[in-house]
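>>> below is the structure, and that's it, no one-letter string:
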């Protein structure tokens, strides 16, 4: 699945729009990771434990968003964004969202075609 943060995909024509798709999770903070991160924050630098939790959460919500888009028949997602919010004191909501579309790569000789889209069109692999 091709996922972009832009509103269009260079070298592709959007033939169908299936609507907004999203993936969502709410995570509670692990008390152990919080304690370690709190101690580490005293010295400054990256809080690796919390970075890992956020990375895993983003991967999870991306997978959920992609599954919803595929279920609707999409092969790409445009205007993809992440949103994060804190709920209460110990919960964090992570959301990935975008617009599910059917993107068709432009072939050789078509206005706006790119090297990548020409290769995709030749191989018949579509946009994603």
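Yep, that arrived. Because the structure is a prediction, the values reported are computed rather than measured. Numbers count the residues shown, from 1 in each chain.

>>> what are the pairing partners of whichever helix or strand residue 22 is part of, and which direction each?
Residue 22 belongs to strand 12-28 when assigned by DSSP states H and E. Here strand 12-28 is paired, per DSSP bridges, with strand 91-105 (antiparallel).

>>> next one: the partner strand to chain centre, how far?
Here strand 91-105 shows a centroid-to-chain-centroid distance of 6 Å under the convention Cα atoms, centre = their mean, to the nearest Å.

>>> show me what secondary structure element comes after it.
By DSSP H and E, the next helix or strand past strand 91-105 is helix 115-123.

>>> circling back: quick one: the strand holding residue 22 to helix 115-123, angle?
On the basis of axes from the mean of the first three to the mean of the last three Cα atoms, to 10 degrees, strand 12-28 is oriented at 100 degrees to helix 115-123.

>>> residue 26 against residue 91, yeah?
Yes - between residue 26 and residue 91 there is a contact under Cβ atoms under 8 Å: 5.5 Å. Glycine gets a C-beta too; all of them are placed from N, C-alpha and C.

>>> in this structure, what helix or strand scores lowest on average pLDDT?
helix 31-43 (a mean of 60; mean pLDDT, DSSP states H and E).
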